[in-house]
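**Q** can't give you the sequence, but here's the structure:
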């Protein structure tokens, strides 16, 4: 019912993108990149940053463009497709938009589907990636590149648009370099997607899907805080999806004001966090409160010095018996079930499977032990929660719907203007959509070389929470009060109708960034 | 922001309640009740069912009324308070509404708070029970009754309004009987609250909070189904709060159309369910689908013959070594962690702590084993979820806001008309609020005697899912298709503004009831 209503929503777009025949591309500075990176991208390292301005651009002709989703879904993806489709049609009615099915594997294995206006119209402003699917297939092996080359040649594609996160955009840039090295004119254009919010730069203010996911999680967190306050029985330990960076936890904290929010980037040790939690519980007990709400970013464990140390030993193949004393002490404190989770293998990207570690349960377990040690006389009953999947495929908020549609238009513009190896960026997102700016950032300018599985590889560094940024500083300034006084906010469900102050809210971490 | 907006929502009410000085009470049939119950309620067993009609009722004077919440929160509770307050003020500006704090314990321990218009205005249409708190304290011991008597005498209360579920309304009726036996004129009036939707009768079409909870859960279920369809990686096993009856699972199934919905009332055995799940996974694998969504009511275990049998042996004190062969076979199939959960003690009501049994994890565990046994060649990756706390304290939907406000007005009418031992009922809920009917059902007419902890006690029987009712029949007629073809619905977040077909949806189990 609501889905159907949303089909007819018309996204707001930057004024500049409304004048399709009067836009051109203006180069901004070309930033020098490190020489070791230059040798990895011999053909594409010197691309300039650029932006869309009013002027006379390339003549629009018919284009044939391929598009794929990569990685976990994020709300708004379908609007990228819709805008691409609409803009290419506007260029020339015989343009074609070809979807690669199920992510990069569709490109490698030549599984495609031409998108029709009927398909596009049925997915406007809808959540999910289900129209064309996605996968975590990484596009980074020579044989994959050559298979991709065969596919784009076969379909005679002018461009491939890759909608993905840091890894996928890195690989997109490598594909652009590979095509250039093979004299293949097909452009590769990236779109910044991830609910984690860690793909950011000066121009990429936030990735799409972050806003919708955080609002969905904040609804549930607020409801649970209201329950804590009504029932006064439980501490709710809420883990939030998002690897490494704690942007989601920070954003949700500013939206809901829980009693404690852990931020991975603070790099607190596991045992200092347990101690902090036990202190909180004791202090609240003294003022008659045996309930509370704690937010825990999924990536927290990656930042904990002693867990990091333990994981490194385990992932370098050490057996339990041969762990160092320091690692063994940590390992022993952990309940058996979680020990097993720590012993699980790494994911295909070489990252430890932190999402398998039930950090929220580990903390509850250790806090109980700590309170016993302290002879705590109050009650400590805890409920654990994990919010993740419910926020990736929700209906996109108006913001994500507008933002994604604008990103799709920007990608079409990049196609027309012959850009490659760039990520589309919409800036000035705090402002109303009409004032947004359209920029293009060469992915290579966001990269550095990093050792992964023993080899130096180019990576786009994940943007972590800035501990000197306005958002975190705001949290710090308020958390002592929020800890004891219960200043919970209850954002409620995402609204699509009604007063604009409800329907057009921007993410806090945008509002509060410098 | 949204909370603030909701403060000014004006609930829709039945026309009859809009004419405060032209309403009176008309008796309907007096149903004969069983003689054994008559002896438990010597003073109050013969109350008639009645309803509000246009006419000349009692003269409104100033009243002093106490009110309490009992048990888990449900969305809309604050509107019961608001309506009670408004109506009592309308009767006479010197009326007083006294809250008992933290549920029945506030009544027993004389912890009260007079509600002011400022407090009421700040909680209109808000979720939670936090204005006055709640608790699971049962009011059923002689010394508690006499303490309650002291409290109502001290405050010279005309009536006590108990907002609670089946147990609380049972105890409310016993309190009414006790007051009558002591010649205490204080009336006791009940309000049907529980997200579980199991407190129903001909007149009580649904309890309040059910609609808001189901819509909140359905939002998340729909989002997860969209994710399953986009990522094609996981089976999501979603447990839904609600003891015993499977109304919530049924309602959410009709809203979201998952691949499989388990309904406790079908009384399938654990192992037949495992087999059914394995069949589903195999069949979906054959058509290329290694993902899906399964809904599991929290109360499912209570209906499983072999688990029931095992629980009975365990709860009658049998040690593991002395279990019967039949019980032992079941026990052995269960992973250790869940064995421990089964050994946990019962709750204060004498019910097994089924909410402690991670049935969703148990099913995943057993399905994995079963698929191994069948040499299943496909992938089976599962994620488990539990939705409960996020649905009890959400902002009430327009329906729950209207319904609760109407219930509060009905309670005030019951006060004025001198009713006691009754539960307020609003009927004809499928229709627009103006056409709703206002009825009063003596709680004793919903009761029977049941053995609990060895003693015969009056209980209001929980209304289970009617396996011949329209809703379940509808599910049955469609579930074979939904199992394989993916007819997921994505209801999205609750909307408070916009087209009425979005904001005024009634629960399906109302719409589809005969």
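**A** Received the coordinates, thanks. Just so it is clear, the structure is predicted and the values come from calculations on it, not from any experiment.
**Q** Tell me the pLDDT of residue A:326.
**A** With respect to pLDDT, residue A:326 has a value of 88.
**Q** Can you tell me the element it falls in?
**A** Counting by DSSP states H and E, the element that carries residue A:326 is helix A:325-333.
**Q** lowest-pLDDT helix or strand in chain A?
**A** One helix or strand of chain A scores below all others by mean pLDDT, DSSP states H and E: helix A:336-343, with a mean of 78.
**Q** in whichever helix or strand comes after that helix, what counts as buried?
**A** Moving toward the C-terminus from helix A:336-343, the next helix or strand (DSSP H and E) is helix A:359-373. Of all the residues in helix A:359-373, those buried under the rule 16 or more other Cβ atoms under 10 Å in any protein chain shown are A:359-368, A:370-371. (Glycine included, C-beta is placed from N, CA and C.)
**Q** In CSV: those, plus pLDDT and distance to residue B:379.
**A** Formatted as CSV, these follow (pLDDT from 0 to 100; distance: Cβ to Cβ, whole Å):
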residue, pLDDT, distance to residue B:379
A:359, 92, 26
A:360, 95, 27
A:361, 93, 26
A:362, 93, 28
A:363, 96, 31
A:364, 97, 31
A:365, 94, 31
A:366, 95, 34
A:367, 98, 36
A:368, 97, 36
A:370, 97, 40
A:371, 98, 41
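**Q** residue ranges of the strands in the stretch 401-514 of chain A, please?
**A** Along the stretch 401-514 of chain A, counting by DSSP state E, counting those that start in this stretch, strands occupy A:422-427, A:437-442, A:447-452, A:455-460.
**Q** so which of these gets nearest residue B:79?
**A** Checking the strands of the stretch 401-514 of chain A against residue B:79 by Cβ to Cβ gives strand A:422-427 as the closest, at 42.3 Å.
**Q** For the closest one, what is the distance to the chain centroid?
**A** In this view, strand A:422-427 has its centroid 15 Å away from the chain centroid, taken as Cα atoms, centre = their mean, to the nearest Å.
**Q** what are the pairing partners of it, and which direction each?
**A** Strand A:422-427 pairs in its sheet with strand A:187-192 (parallel), strand A:437-442 (antiparallel), by DSSP bridges.
**Q** ok so, going back, orientation of the helix holding residue A:326 relative to helix A:336-343 in degrees?
**A** Angle of helix A:325-333 versus helix A:336-343, following axes from the mean of the first three to the mean of the last three Cα atoms, to 10 degrees, is 140 degrees.
**Q** so what does helix A:325-333 touch, helix or strand wise?
**A** The contact analysis (3 or more Cβ pairs under 8 Å, 6 or more residues apart in numbering or on different chains; DSSP states H and E) places helix A:325-333 against helix A:305-315.
**Q** Please report the distance of the nearest residue to residue A:40 once chain neighbours are set aside from chain B.
**A** Excluding the flanking residues, the one nearest residue A:40 by Cβ to Cβ, 6 or more residues apart in numbering or on different chains is residue A:458, at 5.4 Å. According to Cβ to the nearest Cβ, to the nearest Å, residue A:458 and chain B sit 27 Å apart.
**Q** what about the closest residue to chain B within the stretch 251-400 of chain A, how many neighbours?
**A** Closest residue of the stretch 251-400 of chain A to chain B, Cβ to the nearest Cβ: residue A:393 (3.7 Å). The local packing of residue A:393 (other Cβ atoms under 10 Å in any protein chain shown) involves 33 other residues.
**Q** hmm, back to that, show me what the residue nearest to residue A:40 bridges to in the sheet.
**A** residue A:449.
**Q** give the contact list for it.
**A** By Cβ atoms under 8 Å, 6 or more residues apart in numbering or on different chains, the contact set of residue A:458 is A:37, A:40-41, A:170, A:173-174, A:444, A:447-450.
**Q** Can you tell me which of these is nearest chain B?
**A** Within the contacts of residue A:458, the smallest distance to chain B is 21.2 Å, found for residue A:170 (Cβ to the nearest Cβ).
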